[in-house]
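Enquirer: what's the 3D shape of this:
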Amino acid sequence: EGQLVESGGGLVQPGGSLRLSCAASGFTFSNYDINWVRQAPGKGLEWVSGITNGGGTTYYADSVKGRFTISRDNAKNTVYLQMNNLEPEDTAVYYCNAKRFVDLRWYTYWGQGTRVTVSS
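Expert: The predicted model follows:
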């Protein structure tokens with residue numbers, strides 16, 4: 001069974017940096033596009049960033065563009081989210097999501113999330 005495990009969250013001061021990791025197992029990671037999605041306290045899910053299966057194309061929400069960088073290492077079955085110049089508004093639980101559309105069906109996996117708190 002496929003699994004995603006996020007790590008790297010924590011408490012950081014405004015202006016600081018964190019790097020989140022999402023490690024995959026149990027499925028062919030290199031076939032899947034990956035997204036980072038976050039949920040702030042009391043709010044719904046917000047898409048943050050995405051990367052195609054080969055890593056050639058990346059996407060960012062306007063709220064994080066220029067501050068966050070998504071990357072992946074298919075040899076390590078891991079995707080990263082480098083977060084710089086963090087703001088209190090970035091406080092949330094961050095989830096990674098793997099998805100693939102094949103034969104008219106979506107295949108998707110979710111991690112359990114890692115909490116990021118930006119506060120002085």
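
Enquirer: please name the bridge partners of the nearest residue to residue 68 once chain neighbours are set aside.
Expert: Leaving aside its sequence neighbours, residue 68 sits nearest to residue 83 (Cβ to Cβ, 6 or more residues apart in numbering; 5.1 Å). In short, each C-beta sits where N, CA and C put it, glycine included. Beta-bridge pairing of residue 83, defined through DSSP bridges, involves residue 18, residue 68.

Enquirer: look up how far residue 15 lies from residue 83.
Expert: Using Cβ to Cβ, to the nearest Å, we find residue 83 at a distance of 11 Å from residue 15.

Enquirer: next, the buried residues of stretch 18-27.
Expert: The neighbour-count check on stretch 18-27 (16 or more other Cβ atoms under 10 Å) flags 18, 20, 21, 22, 23, 24, 27 as buried.

Enquirer: I misspoke; the intended subject was stretch 47-54.
Expert: Buried residues in stretch 47-54, counted by 16+ other Cβ under 10 Å: 48, 49, 50, 51, 53.

Enquirer: neighbour count winner among residue 83 and residue 15?
Expert: Comparing residue 83 with residue 15 by neighbour count (other Cβ atoms under 10 Å), the higher total belongs to residue 83, at 27 against 11.

Enquirer: so what's that one up against?
Expert: Residues near residue 83 by Cβ atoms under 8 Å, 6 or more residues apart in numbering: 17, 18, 19, 20, 64, 67, 68, 90, 116.

Enquirer: which residues touch the top strand by length along the chain?
Expert: With secondary structure taken from DSSP state E, the chain has its longest strand at strand 92-102. Applying Cβ under 8 Å, 6+ apart, the external contacts of strand 92-102 come out as 2, 4, 6, 9, 20, 22, 24, 27, 29, 31-41, 43, 45-46, 48, 53, 79, 81, 106-116.
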